[in-house]
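Student: For reference, the sequence and a predicted model appear below.
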Amino acid sequence: MEAEGEKQWSSLIVPSVLEIVKEKNFTTIPPRYVRLDQEKTEILNDSSLSSEIPVIDMTRLCSVSAMDSELKKLDFACQDWGFFQLVNHGIDSSFLEKLETEVQDFFNLPMKEKQKLWQRSGEFEGFGQVNIVSENQKLDWGDMFILTTEPIRSRKSHLFSKLPPPFRETLETYSSEVKSIAKILFAKMASVLEIKHEEMEDLFDDVWQSIKINYYPPCPQPDQVMGLTQHSDAAGLTILLQVNQVEGLQIKKDGKWVVVKPLRDALVVNVGEILEIITNGRYRSIEHRAVVNSEKERLSVAMFHSPGKETIIRPAKSLVDRQKQCLFKSMSTQEYFDAFFTQKLNGKSHLDLMRI
Ligand SMILES: COc1ccc(-c2cc(=O)c3c(O)c(OC)c(OC)c(O)c3o2)cc1
Ligand SMILES: O=C(O)CCC(=O)C(=O)O
Ligand SMILES: [Fe+2]
């Protein structure tokens, strides 16, 4: 059931990139997707850094003997990189294969079927893009499907009920497994940061979890487009699956774009802006983007975890006392997202608005 009276965000309705690519005589990229602006001038891929992106082993993180060293790695990853790859997380490999097939099938449904799940005017969940606030804004080379999965009362019933039943079931299982992983990670972070339950973990009790499935079709001139504009996630924690193991995710590390090479079955975890606020800047949300290639389509599934909409987010008092300064204002999750979803994304500019 949909919650009554919940504020809706919306995004302008845009065409499907997959449909553009499927057109018989498609050779020229429509001008609205062509980027010859700032993004092109600062590309500096550094593949040697890719192998340095931290890898955290969830089994070690939860084991008595290895926990301390893995906790230190986790703390370093969140402070220094804001990103890590999570292995041995407990989600079955065969289940992830099933998810991959079903996600592919979902985006390959006939347009007539997908239309039923398209964003409606004034809404924001369903197929489409987000943060499109003006008719002349450049568009990303990709289609998305957005859905709130938790709390259950916030699910959009008109979308959930129209999902192909096996896919709906797979999504429900996946979202519940990823939610458990997120909760464990929040607890581990709180423990290594030595902050109280009520300062972090408890904020995520009524977790708001959303899914964004990204589908990037191949592009004949990949250098002219951007799969996903550079941004940092508003959420507490994002857990991302590079579904079909195709490279494309890049993170900005010390001014350079570093490729996050897909590791089979690994989940990519990143600190979002809300976690940066709660940790008073100790953990950093990092800018990232997705590029596309000329041969292969690319798919990713991002699951965002944030406190409930009414929850007040603020820097943890224990950290503020230790650091002797409070870096961010307090606000509700709802207020934070109101600012995030109503502007064109531009790096981390919305987090900067929250600085004291
Ligand atoms: C460049 O295009 C975009 C990149 C990322 C997002 C985005 C970031 C989020 O943090 C986020 C989110 O936390 C969220 O959960 C509430 C959500 O679901 C409704 C998002 O769609 C979302 O998107 C947007 C655009
Ligand atoms: O497709 C990717 O790898 C990145 C997706 C992402 O950053 C997002 O959906 O927020
Ligand atoms: Fe992201």
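Tutor: On my side now, so go ahead. Ligands and ions are numbered 1, 2, ... in the order given.
Student: Can you name the residues that contact Phe26?
Tutor: Shown in contact with Phe26 (C-beta atoms under 8 Å, 6 or more residues apart in numbering): Ile20. C-beta coordinates here come from the backbone N, C-alpha and C atoms, glycine included.
Student: What helix or strand is it located in?
Tutor: Phe26 is part of no helix or strand, with elements assigned from DSSP states H and E.
Student: That one and ligand 2: what is the separation?
Tutor: With the distance defined as C-beta to the nearest ligand atom, to the nearest Å, Phe26 ends up 22 Å from ligand 2.
Student: With Ile146 instead?
Tutor: 9 Å.
Student: repeat for Lys22
Tutor: From Lys22 to ligand 2 the distance is 21 Å (C-beta to the nearest ligand atom).
Student: Kindly state the pLDDT recorded for that residue?
Tutor: pLDDT recorded at Lys22 is 85.
Student: For it, grab phi and psi.
Tutor: When quoted as degrees, to the nearest 10, the phi and psi of Lys22 stand at phi -80, psi -20.
Student: Let the chain start at 24 from now.
Tutor: New numbering, starting at 24: the last item is Lys45.
Student: tell me the contacts of it?
Tutor: Contacts of Lys45 (C-beta under 8 Å, 6+ apart): none.
Student: and what of Arg191?
Tutor: Taking C-beta under 8 Å, 6+ apart as the contact definition, Arg191 lies against Phe183.
Student: wait, is it part of a helix?
Tutor: Yes: counting by DSSP: H, G, I helix; E, B strand; the rest coil, Arg191 falls inside a helix.
Student: what's the average pLDDT for the helix or strand harbouring Val292?
Tutor: Assessed by DSSP H and E, Val292 sits inside strand 290-294. Averaging the model's pLDDT scores along strand 290-294 yields 98.
Student: which residues touch whichever helix or strand comes after that strand?
Tutor: The C-terminal neighbour of strand 290-294 among helices and strands, as given by DSSP H and E, is helix 296-301. Applying C-beta under 8 Å, 6+ apart, the external contacts of helix 296-301 come out as 101, 212, 222-223, 226, 255-260, 306-308, 329-330, 336-339, 351, 356, 359, 371, 373-374, 377.
Student: Would you mind listing which of those are buried?
Tutor: Burial by neighbour count, judged by 16 or more other C-beta atoms under 10 Å, picks out 101, 212, 222-223, 226, 255-260, 306-308, 329-330, 336-339, 351, 356, 359, 371, 373-374, 377 from the contacts of helix 296-301.
Student: Just the ones of those residues in helices?
Tutor: Among those, the members found in helices (DSSP state H) are 212, 356, 359, 373-374.
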